[in-house]
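1. For reference, the sequence and a predicted model appear below.
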Protein chains: 2
Amino acid sequence: MASRMAAAERRELMLDAATKMFALGGYAGTSTDAVAREAEVSQPYVVRMFGTKLELFIAVFERACRSIEDAFAQVIADSEFDAMSEAGQDQLGETYVELLRDSDLLHVLMHGFAAATVPEIGQVARAGMERIFETLRGTGWDDEQVRDFIAQGMLLNVLLSMNAFEEHSGGLADLVSVCLPESVV
Amino acid sequence: MASRMAAAERRELMLDAATKMFALGGYAGTSTDAVAREAEVSQPYVVRMFGTKLELFIAVFERACRSIEDAFAQVIADSEFDAMSEAGQDQLGETYVELLRDSDLLHVLMHGFAAATVPEIGQVARAGMERIFETLRGTGWDDEQVRDFIAQGMLLNVLLSMNAFEEHSGGLADLVSVCLPESVV
DNA sequence: CCAATAAGGCATTGAATGATTACTTGCTCG
DNA sequence: CGAGCAAGTAATCATTCAATGCCTTATTGG
């Protein structure tokens, strides 16, 4: 038996493990057993901790959305930050690129968006996107500016999720290179 | 038994059915049996027609990518089309919005992107994205312009996939409204 | 030190799934 | 017309999976 631990702490470890596994297989393509093995607990314990596989996925997905929101909020709250300067805009962009270095986060996001046909997942997705939108509005940017920023982020998501940046394969290289204006890969 | 039909024709019907079902459940979340029922053939026939569930999904996904590519190519080839005018740019945007009215196409796209961690799916995704990129380059736009166009498209994908446009729910209404500048919803 | 609560595992199960094999039947062309 | 090929199915199988019920054992407060 895995050494005893406070349930809340174990829960976090399970969320970590689930994030990793869901990133690979998505909601339907990941078994609770795979999560359990990754978390080094038994499969029934995973189910019991979250009630249902769907609730587990939602917890993972929502946590991913919040980590984006939080990262932006933290940058914006910094007194040094100036949203209206060129440097400030680049800083937020780089913050996002930095977040996406965590490929598990990226893939969980993509799977969550794709699985939004499931009503409960769609609800979480809309709420998460809304919070991110509102957070970015806190810069003082106008709505079009916020939209363009998010749009670039979504393109980045898609290109990264299809591994377009590794070994600049084929003609995507040009699209890819113009997507990372100044941030190093 | 379903009435006889040329295999190629039946194959198209199966692809239609598979598109519909994969749109709902994604790759892992859709059974070959569900596709078979939708196509009104037996489950083994579906498997035999495509060899493998993965190959079926890839056929569906690739076909979706091509329909986008083709729609753009057709507009661009029109002698009336002027890529450099404001109207021309709007026209391409509206072409994409019109395509996405087919929610099955939209969701298959999203699931394909998300599932790009599967090597063979990733390969198809990169190839499809590259062709779309090259097609759009045929407008004569510079790479940044093409990138921005695609980025807006990706944002549209995500918002549509999470049903952000139905009953302008919550604070997403503002983001949503600034995403469809002139095209009617 | 001990009892109660919380942490966690084991065994099980019924349903679903992708794939294979072998069989049947309709159509077409010589 | 009839033989052979192509279209399609029925039956089946080995796995996998999410979930449930019941049991065991740490830990901790009194």
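-> Cool, got the structure. Numbering: from 1, shown residues only, chains lettered A, B, ... in the order given.
2. Need the contact partners of the host helix or strand of A:Glu69.
-> For A:Glu69, the enclosing helix or strand under DSSP states H and E is helix A:53-77. Residues external to helix A:53-77 that are found in contact with it (Cβ atoms under 8 Å, 6 or more residues apart in numbering or on different chains): A:14-15, A:18-19, A:22, A:27, A:32, A:35, A:46-47, A:49-50, A:81, A:83, A:91-92, A:95-96, A:98-99, A:105, A:108-109, A:111-112, A:115, A:118, A:120-121, A:124-125, A:127-129, A:131-132, A:135-136, A:138-139. Placement of C-beta: from N, CA and C, glycine included.
3. Next: stretch A:141-150.
-> Outside stretch A:141-150, the residues within contact range by Cβ under 8 Å, 6+ apart are A:83, A:89, A:92-93, A:132-133, A:136-137, A:139, B:148, B:151, B:155, B:174-175, B:178-179.
4. Now the buried members of those.
-> Buried subset of the contacts of stretch A:141-150 (neighbour count, 16 or more other Cβ atoms under 10 Å in any protein chain shown): A:83, A:89, A:92-93, A:132-133, A:136-137, A:139, B:148, B:151, B:155, B:174-175, B:179.
5. Low-confidence regions, chain A specifically.
-> Across chain A, the ranges flagged by pLDDT under 70 are A:167-169, A:181-185.
6. what about the helices in it?
-> A:7-25, A:32-39, A:43-50, A:53-77, A:86-100, A:103-114, A:119-137, A:143-161, A:172-177 (DSSP state H).
7. Check the offset of stretch A:80-89 from the chain's centre.
-> Here stretch A:80-89 shows a centroid-to-chain-centroid distance of 24 Å under the convention Cα atoms, centre = their mean, to the nearest Å.
8. Near DNA strand C, which residues of chain A are found?
-> Contacts of chain A with DNA strand C, taken as Cβ under 7 Å from any atom of the strand, map to A:1-7, A:10, A:40-45, A:48.
9. Top of the residues you listed by number of neighbours, please.
-> A:Val41 (19 neighbours; other Cβ atoms under 10 Å in any protein chain shown).
10. thinking again about what came up before, the helix holding A:Glu69 vs helix A:43-50, what angle?
-> Interaxial angle of helix A:53-77 relative to helix A:43-50 (axes from the mean of the first three to the mean of the last three Cα atoms, to 10 degrees): 60 degrees.
11. Is any residue of helix A:53-77 near DNA strand D?
-> Yes: figure legend: helix A:53-77 in contact with DNA strand D (Cβ under 7 Å from any atom of the strand); contacting residues A:53-54.
12. Flag every buried residue along that helix.
-> Across helix A:53-77, burial judged by 16+ other Cβ under 10 Å covers A:53, A:56-65, A:68-69, A:71-73, A:75-76.
13. can you check stretch A:122-138 too?
-> Judged by neighbour count (16+ other Cβ under 10 Å), stretch A:122-138 contains these buried residues: A:122, A:124-137.
14. Now for the closest residue to A:Glu38 other than its chain neighbours, how many residues are close by?
-> With Cβ to Cβ, 6 or more residues apart in numbering or on different chains as the criterion, A:Glu38 has its nearest non-adjacent residue at 3.8 Å, and that residue is A:Ala17. For A:Ala17, the number of neighbouring residues by other Cβ under 10 Å comes to 20.
15. tell me the two of the residues of chain A next to DNA strand C that are most distant?
-> Of all pairs drawn from the residues of chain A next to DNA strand C, the one with the longest distance (Cβ to Cβ) is A:Ala6 and A:Gln43, at 20.8 Å.
16. ok, back up a step: of all the helices of chain A, which lies closest to B:Ser161?
-> Taking Cβ to Cβ, helix A:103-114 is the member of the helices of chain A nearest to B:Ser161, at 5.6 Å.
17. what angle do that closest one and helix B:103-114 make?
-> 170 degrees.
18. Using PDB, write down the CA coordinates of helix A:103-114.
-> Provided in PDB are the C-alpha atoms of helix A:103-114 (Å, rounded to 0.1, in the frame of the first residue of the first chain):
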ATOM      1  CA  SER A 103       2.900  20.200 -22.900                       C
ATOM      2  CA  ASP A 104       0.500  18.500 -20.500                       C
ATOM      3  CA  LEU A 105      -1.200  21.700 -19.900                       C
ATOM      4  CA  LEU A 106      -1.400  22.400 -23.700                       C
ATOM      5  CA  HIS A 107      -2.900  19.000 -24.500                       C
ATOM      6  CA  VAL A 108      -5.400  19.000 -21.700                       C
ATOM      7  CA  LEU A 109      -6.600  22.400 -23.000                       C
ATOM      8  CA  MET A 110      -7.000  21.000 -26.500                       C
ATOM      9  CA  HIS A 111      -8.800  17.900 -25.400                       C
ATOM     10  CA  GLY A 112     -11.000  20.000 -23.200                       C
ATOM     11  CA  PHE A 113     -12.000  22.200 -26.000                       C
ATOM     12  CA  ALA A 114     -12.600  19.300 -28.400                       C
END
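19. All set, thanks.
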